[in-house]
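>>> Sequence and predicted structure are below.
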Amino acid sequence: MGEISIERQNLDHLLADSASTYGAPYQRAFAELAEAHRGRPVTEILPLLRRAADEALLGFTDADLREQAQAISTGEPYVLRVKVA
């Protein structure tokens with residue numbers, strides 16, 4: 001499964017937190033994409049994940065995003081390990 005390093009001050013870019021003023025947490029975007037696009041082709045999901053990651057200012061690699069898109073496509077759980085610096 002994927003792993004990302006993130007600065008502590010940017011943690012709200014990743015996690016859905018109602019107390020955050022940041023508008024595009026990736027966790028929420030991923031969950032919405034997973035619900036709406038399960039069973040769809042990876043090639044259709046990948047650009048949507050890239051846009052969500054870019055909007056959340058997260059530096060996922062293409063391989064990370066492809067792995068996430070594959071999980072959404074197949075309906076398999078996806079676990080992301082986060083290292084907070």
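Looks like it came in fine.

>>> what are the ranges of the helices in this protein?
Along the chain, the segments classed as helices by DSSP state H run 11-14, 26-37, 42-55, 62-74.

>>> Which one of the ones you listed has the poorest average confidence?
Per-segment mean pLDDT for those reaches its minimum on helix 11-14, at a mean of 64.

>>> For residue 50, grab the count of nearby residues.
Around residue 50 there are 14 other residues, counting by other CB atoms under 10 Å. C-betas here are computed from N, CA, C, even on glycine.

>>> In contact with it, which residues?
Shown in contact with residue 50 (CB atoms under 8 Å, 6 or more residues apart in numbering): residue 65.

>>> check contacts around residue 65.
Residue 65 makes contacts with 46, 49-50, 53, as judged by CB under 8 Å, 6+ apart.

>>> Out of these, which is nearest to residue 70?
residue 46 (9.3 Å; CB to CB).

>>> For the closest one, which non-adjacent residue is spatially closest?
Of all residues beyond its chain neighbours, the one nearest residue 46 is residue 69 (4.6 Å), with distances taken as CB to CB, 6 or more residues apart in numbering.

>>> Return the closest of the contacts of residue 65 with respect to residue 31.
Of those, the one sitting nearest to residue 31 (CB to CB) turns out to be residue 49, at 11.9 Å.

>>> Can you tell me the number of residues neighbouring residue 45?
Residue 45 has 23 neighbouring residues, counting by other CB under 10 Å.

>>> ok so, going back, I'd like the helices of the chain as TSV, with distance to residue 82 appended.
Shown next, in TSV, are those (distance: least, CB to CB, whole Å):
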stretch	distance to residue 82
helix 11-14	7
helix 26-37	10
helix 42-55	14
helix 62-74	12
